[in-house]
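J.: Below are the sequence and a predicted model for it; my questions follow.
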Amino acid sequence: MAFDIEMIKKVYAQMTERVDKAREIVGRPLTLSEKILYNHLWDGKASKAFTRGKDYVDFAPDRIALQDATAQMALLQFMQAGKSKVAVPTTTHCDHLIQAKQGAKPDLKTANETSNEVFNFLESVSDKYGIGFWKPGAGIIHQVVLENYAFPGGMMIGTDSHTVNAGGLGMVAIGVGGADAVDVMAGMPWELKFPKLIGVKLTGKLNGWTASKDVILKVAGILTVKGGTGAIVEYFGPGALNLSCTGKGTICNMGAEIGATTSTFGYDDSMERFLRATDRADIADEANKIRPYLTGDDEVYANPEQYFDEVIEINLSELGPLLNGPFTPDLSTEVGSAMTTKAKANDWPINVEWGLIGSCTNSSYEDLSRASSIAQQALDKGLKMKAELGINPGSEQVRYTADRDGILGIFEKLDAKIFTNACGPCIGQWARYSDPKNAPKNSIVHSFNRNFAKRADGNPNTHAFVASPELTAAIAIAGRLDFNPLTDKLINENGEEVMFDEPTGWELPPKGFEVEDNGYLEPVEDGSGINVSVSETSERLQLLTPFEPIQDEDLQGVKLLIKAFGKCTTDHISMAGPWLRYRGHLDNISNNCLIGAVNAYNKQTNFVKSQLNGEYDAVPKTARAYKAEGVNTIVVGDHNYGEGSSREHAAMEPRHLGVAAVIVKSFARIHETNLKKQGMLGLTFAIESEYDLIQEDDTFNFVDISSFAPGKQLTLEVVHTDGSKDIVMLNHTYNNSQIEWYREGSALNLIKKQNA
């Protein structure tokens, strides 16, 4: 029986009428994405056709998912919203605060000891406000959502950028900051600029060593890390019908790496099989009743160029296995000689030290079974592991079933470490080194989604490459980055030349899924008597103090905190890894604010000049000194600023430390929204090259901030130390509601005011 089946039936009951009305209003056939969006309008049935990439639209998502690292701040904010219960089904998942080190049992025990205060807080808040709670060890949020909550045609948001994974079950699922989630939890509409649409037509069929992962690795190579910004990527075509549901999830999951709002597939037989296998036949039965409404119209897929803003076509039969990286997920290379050439030219370490399989991207039963078929061949053919191997199952249900079926045992025979059902190395929760900053140059291969510098192990010299689970297993066994399993032979322990056969596996467990304790705790019916306490001396948790509005006079005489050079992701702005322990304590975690950003003037990290004394120091320390003197600051950045995770800490920390505005060449979608939600100015250079005008000792005056209005540029006066001035025009995407957030100090302040 599915969770929230009555809610799902309601979504389906209104879908035919609403989609028919939307088709009439728009005056043409609709894509799947449009059907789901128009079915979830806050105001009900469509009354106008929205302009893609321009119109801000209010939506009513069906559900929310929170992961423990971001849930802390989201729930701390919700506690201020004045509500007794969440307005839509919501779940909290404890998967980020478990460090991979020794193995599943000891690592989980350590996490429960070291993060007990946080887990207890999350459990009690969840219980109080009617939120389902998944205990530490229950699984990785997105795999658990796919197995339990995702449903075709639904709309959900989650406080993690890889919420998009649920597109594998035909949802429009979008990663957001905690403040966005708080809006919906409080019963308010959720605002999104109506997305553009990118269609990806898949033909042919995957074969041999090629996996679903290679589809998104190919798309990332085509679109780059910002090519999907502001768009939903919709996959269709005969090739899409040949993919498994969890394979579709993998493709949608890593769509976050191209900046896409989300990705999705139309409802098909593979989704029905997955729903029935995961004890949700009731959803499949309901979905089958409106099946044509849960995919794009036939005319759309027959003539995609007429209905999508951009169309890409990929023949799966011609696609080969790929490796993407290092340091960026869109640098795509074919296995074998192409990798050999690139590695030599760029001095990438050829020897591979670790292979890692799992994460929210590739930790399904199918993923583990296909990788285990390669591991079994190593045992059968007498091959020894040349690299170390680590496995993170996606959920307790997957782990238990895979263990029952002997899959985990195969890995263990190769001395692989089976880590907890949690994110682990994928988000930097990996105790690989005692001193990561001074660790050696090396290469690793993993089935994760991101491979930014220091992402997995804190070592800036680790070259991380993204691949499918089966290719990861093969390369870990071979120990070489340039190994091509399609053509290359290995020498076994008897001195014989052997080759791998093609990987095999199961889409779903032949004997069905099984689990003894899935780790779920249902909230009590009435949580009014539950007391949520936070110690004033806690270093992990801190009740929030509302941000004060930034006054117009505060934006005169503003100083530069840092001008960031090159790629500046949320990992650079608010690092994960060891900093995850402070995700519930805004002041403490602000000590990592922008410490990974490269200073454009000296090309160093965490070393900026203070105009108060002319000395160089750490970014957070410098920001705190400015704040103590009542001086607001700005941050200047490059393209796609804030790429990566949805973590709103990357907006809250600068806000807490006195940053009033972030001015960049372009923003990643989620980060721009997060800045707006926290009552800050997120602005872009009208002329990108004027980024170069900003000097280290400049003073800034926002001369016309008093007339801040939608569609109207802001004027920035840049005063240089020699007395000369430049006038820089700044663009923004604020609408009237978002300007009201700014004027109130934050979106949360406005919610509290409205609920008072």
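T.: Right, received. Where do you want to start? Numbering: from 1, shown residues only.
J.: OK, contacts around the closest residue in space to I350 that isn't next to it in sequence?
T.: Of all residues not flanking I350 in the chain, L481 sits nearest, at 5.2 Å (Cβ to Cβ, 6 or more residues apart in numbering). Placement of C-beta: from N, CA and C, glycine included. Neighbouring residues of L481 by Cβ atoms under 8 Å, 6 or more residues apart in numbering: L323, M339, A343, W348, P349, I350, N351, V352, S443, V445, F465, I475.
J.: and L481, backbone torsions?
T.: Per-residue torsions, L481: phi -70, psi -30 (degrees, to the nearest 10).
J.: Report pLDDT for it.
T.: For L481, the model assigns a pLDDT of 97.
J.: So Y38 is in contact with E17, correct?
T.: No: between Y38 and E17 there is no contact under Cβ atoms under 8 Å: 10.9 Å.
J.: Of these two, which one has the most company?
T.: Y38 (24 against 12; other Cβ atoms under 10 Å).
J.: which one's the longest helix in this protein?
T.: helix 5-26 (DSSP state H).
J.: how about that helix as CSV, C-alpha atoms only?
T.: Listed in CSV are the C-alpha atoms of helix 5-26, where the atom choice follows Å, rounded to 0.1, in the frame of the first residue of the first chain:
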residue,chain,number,x,y,z
ILE,A,5,-2.7,7.2,-1.6
GLU,A,6,-5.7,9.5,-1.1
MET,A,7,-3.6,12.5,-2.0
ILE,A,8,-2.4,10.8,-5.2
LYS,A,9,-6.0,9.8,-6.2
LYS,A,10,-6.9,13.5,-5.8
VAL,A,11,-4.1,14.6,-8.1
TYR,A,12,-5.2,12.1,-10.7
ALA,A,13,-8.9,12.9,-10.3
GLN,A,14,-8.3,16.6,-11.3
MET,A,15,-5.6,15.9,-13.9
THR,A,16,-7.8,15.1,-16.9
GLU,A,17,-9.9,18.2,-16.6
ARG,A,18,-7.0,20.5,-15.8
VAL,A,19,-4.8,19.2,-18.6
ASP,A,20,-7.7,19.4,-21.1
LYS,A,21,-8.3,23.0,-20.1
ALA,A,22,-4.6,23.8,-20.3
ARG,A,23,-4.4,22.3,-23.8
GLU,A,24,-7.3,24.5,-24.8
ILE,A,25,-5.8,27.7,-23.3
VAL,A,26,-2.3,27.1,-24.7
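J.: average pLDDT across stretch 657-673?
T.: The average pLDDT within stretch 657-673 is 96.
J.: Are we agreed that G409 is in a helix?
T.: Yes: under DSSP: H, G, I helix; E, B strand; the rest coil, G409 falls within a helix.
J.: I'd like the distance from it to N324, if you could.
T.: Spatial separation of G409 from N324 under the definition Cβ to Cβ, to the nearest Å is 31 Å.
J.: What residues sit buried inside stretch 97-115?
T.: The neighbour-count check on stretch 97-115 (16 or more other Cβ atoms under 10 Å) flags L97, I98, Q99, A100, K101, A104, D107, L108, T110, A111, N112, S115 as buried.
J.: Mark which of those are part of helices, please.
T.: Among these, the residues falling in helices (DSSP H) are A104, D107, L108, T110, A111, N112.
J.: ok, those residues vs I314, which is closest?
T.: Closest to I314 out of those is A104 (36.8 Å), distances taken as Cβ to Cβ.
J.: Excluding chain neighbours, give the residue nearest to Q738 in space.
T.: Nearest to Q738 is K676, by Cβ to Cβ, 6+ apart, at 4.9 Å.
J.: mind checking pLDDT for the one you found?
T.: Looking at K676, its pLDDT reads 97.
J.: Over to R455?
T.: Looking at R455, its pLDDT is 93.
J.: cool, E234 as well?
T.: 98.
J.: what's the distance between it and L32?
T.: Distance from E234 to L32, counting by Cβ to Cβ: 6 Å.
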